[in-house]
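Q: could you work out the structure for the sequence below:
(one chain, ligands or ions: 1)
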Amino acid sequence: MIGNRRIVLGVSGGIAAYKAAELCSRLVQAGAIVDVILTAGALRFIQPATFNALTHRPVATDPWQPWTESAAGHIALAHNAAAIVIAPATAHTLARLALGLADDALGLVCLASQAPLVLAPAMEANMWRHPATQAHVATLIARGARVVGPEQGRLASGLSGEGRLASPEAIVDALQSALVHNASLAGRIIVVTAGGTHEPIDPVRFIGNRSSGRMGFAVAAAAARRGAAVRLVAGPTQLATPAGVERVDVETAREMLAATQTAVADADALVMAAAVADFRPEVELTRKIKKRPGDEELDLRFIRNPDILATIDRPGLIKIGFAAETDDLIENAERKLRDKHLAMIVANDAVATIGSDASQATLIRAGAAPVALPPLPKDVVAERIIDQLAALLPPRDAAP
Ligand SMILES: Cc1cc2nc3c(=O)[nH]c(=O)nc-3n(C[C@H](O)[C@H](O)[C@H](O)COP(=O)(O)O)c2cc1C
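A: This next block holds a predicted model:
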């Protein structure tokens, strides 16, 4: 998997920079074409000559240096890389990557590349635990980066704690799986629904819910990052369409059903993250309701909307549902999983999750023990859901 692949190895300025030479040597021995980029911090610890000798290739240190590969060296490196691995990744480099700063060769290459990114942080334990570092790591994971380590053990300070660079074996393993994983949904068609629905009462009023659409949009973005063709059926929301995603906007449950039915015709999977209104006003008035003197009450009669997840049941279609409940969450989710023939259901506390950026979800697969996730940003939960979906899809040659 690594043999003959072009790997960019970024080294930043931590005390573990010397260990990057061992990693570099292993990658070269595995047959990779390794382009090394050193940050200004790394240059305080280790010299380009070490990597130059190991890779037989130029080592990038300064975006202004004359490039040997082409006129725009960092862009060529970024576009040609099969993967980028940064080891060690300092707290400072993690922060710069999370912010998308491009003031050195490594930042530029990371920003200009769509290759999978593997980060091996190494630092003093308090630096690693600091909320700033943790927030940057969460942001990078949400964007699809893989983080390996840091490990527990003796640190350069002499103290023991979490902060040691992961072993070269663990970093190479993470790199291998990033190379496989990155294309894990290539050739697949995934339909995702997102947001709430608006059910009209009269020409100016509707009944809706507090769903923001963030979970479904995050799932669509995560599936697109893994190479799937993604069709997103979105209820009313202000959110921007994720890169590479085809979007259809709908308003009511019935419009969502029709658009989803069309979208799943040749799809491999349906992820139904939308919060669809169970009921709609029986009649949509063509004229605005006016209040008249003496009107103290308004009666509206509601009728059932179609159940999209139950209605769409095509053989071979993998269906993933969501259950947002205020009571008896797991029991209700498990019932929904069985009744609607789902491959998996994502159970969430309705009050904590709807309209929020974070979610505390439990992933329940038919016939498997539920996986309770800690509170995580929705982007990270979306990555976990897509991990499960990739595992649920039948092997490529057996796919419909
Ligand atoms: C002796 C020494 C050791 C350091 N070790 C680390 C380290 O292990 N991890 C880390 O995140 N920062 C470490 N730093 C701080 C970084 O070198 C500093 O934040 C620098 O700006 C990182 O820049 P870079 O990420 O662009 O390489 C160390 C600094 C010094 C002086």
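
Q: only C-alpha atoms from now on, for both contacts and neighbour counts.
A: Fine.

Q: what is the distance between the helix or strand of the chain with the lowest mean pLDDT and the centre of its chain?
A: Within the chain, no helix or strand scores below helix 350-353, which has a mean of 76 by mean pLDDT, DSSP states H and E. From the chain centre to the centre of helix 350-353 is a distance of 21 Å (Cα atoms, centre = their mean, to the nearest Å).

Q: OK, contacts around the residue in the stretch 151-300 of the chain positioned nearest to the ligand?
A: Among the residues of the stretch 151-300 of the chain, residue 156 lies closest to the ligand, at 7.6 Å counting by Cα to the nearest ligand atom. Shown in contact with residue 156 (Cα atoms under 8 Å, 6 or more residues apart in numbering): 15, 124.

Q: before we move on, the earlier item: what packs against the helix or strand that the least confident helix or strand of the chain is followed by?
A: Proceeding N to C from helix 350-353, the next assigned helix or strand is strand 358-359, under DSSP states H and E. Applying 3 or more Cα pairs under 8 Å, 6 or more residues apart in numbering; DSSP states H and E, one finds that strand 358-359 contacts strand 376-377, helix 378-392.

Q: the shortest one pairs with which strands, parallel or anti?
A: Read that as strand 376-377. strand 358-359 (antiparallel) (DSSP bridges).

Q: contacts for the strand it pairs with?
A: If you take Cα under 8 Å, 6+ apart as the criterion, strand 358-359 is touched by 348, 352-353, 375-378, 381.

Q: who wins on neighbours among those?
A: residue 381 (26 neighbours; other Cα atoms under 10 Å).

Q: what score does that residue have for pLDDT?
A: The per-residue pLDDT reported for residue 381 equals 88.

Q: the ligand contacts on the stretch 51-200 of the chain?
A: Residues of the stretch 51-200 of the chain lying close to the ligand (Cα under 6 Å from any ligand atom) are 90-93, 122-123.

Q: nearest to residue 245 among these?
A: Nearest to residue 245 out of these is residue 93 (Cα to Cα; 29.7 Å).

Q: chain neighbours aside, what residue packs nearest to the residue of the stretch 251-400 of the chain found nearest the ligand?
A: Of all residues in the stretch 251-400 of the chain, residue 380 sits closest to the ligand, at 23.2 Å by Cα to the nearest ligand atom. In this structure, residue 380 finds its nearest non-sequential neighbour in residue 142, 4.8 Å apart by Cα to Cα, 6 or more residues apart in numbering.

Q: got the contact list for the one you found?
A: 377, 379-380, 383.

Q: in what helix or strand does residue 362 lie?
A: Per DSSP H and E: strand 361-365 holds residue 362.

Q: most widely separated two among the contacts of strand 358-359?
A: For the contacts of strand 358-359, the maximum inter-member distance is 14.3 Å, found between 352 and 381 (Cα to Cα).

Q: what's the average pLDDT for the helix or strand just after the strand holding residue 362?
A: Sequence-wise, the next helix or strand downstream of strand 361-365 (DSSP H and E) is strand 371-372. Along strand 371-372, the predicted confidence averages to a pLDDT of 90.

Q: equivalent analysis for stretch 36-48, please.
A: The model assigns stretch 36-48 a mean pLDDT of 97.

Q: is it positioned near the ligand?
A: Yes - using Cα under 6 Å from any ligand atom, stretch 36-48 reaches the ligand at 39-42.

Q: between these, which is closest to residue 392?
A: For the residues of stretch 36-48 next to the ligand, the nearest to residue 392 is residue 39 (40.7 Å; Cα to Cα).

Q: number of nearby residues for the residue lying closest to that closest one once chain neighbours are set aside?
A: Among residues not flanking residue 39 along the chain, residue 12 sits closest, at 5.1 Å (Cα to Cα, 6+ apart). By other Cα under 10 Å, 31 other residues sit near residue 12.

Q: how about the helices of the stretch 151-300 of the chain, start to end?
A: 168-181, 214-225, 253-264 (DSSP state H, counting those that start in this stretch).

Q: list the buried residues for the longest one?
A: The one in question is helix 168-181. Neighbour counts over helix 168-181 (16 or more other Cα atoms under 10 Å) mark 168, 171-172, 174-175, 178-179, 181 as buried.

Q: likewise stretch 109-123?
A: Result for stretch 109-123 [16+ other Cα under 10 Å]: buried residues 109-110, 112-123.

Q: keep only those of those that are in strands.
A: Those of those mapping onto strands are 117-121, per DSSP state E.

Q: what is the nearest of those residues to the ligand?
A: Of those, the one sitting nearest to the ligand (Cα to the nearest ligand atom) turns out to be residue 121, at 7.4 Å.

Q: the closest one and residue 162 touch, don't they?
A: No - Residue 121 is beyond contact range of residue 162, at 10.3 Å (criterion: Cα atoms under 8 Å).

Q: circling back: check the spacing between the residue of the stretch 151-300 of the chain closest to the ligand and residue 16 real quick.
A: The gap separating residue 156 from residue 16 is 9 Å, by Cα to Cα, to the nearest Å.

Q: likewise residue 228?
A: 37 Å.
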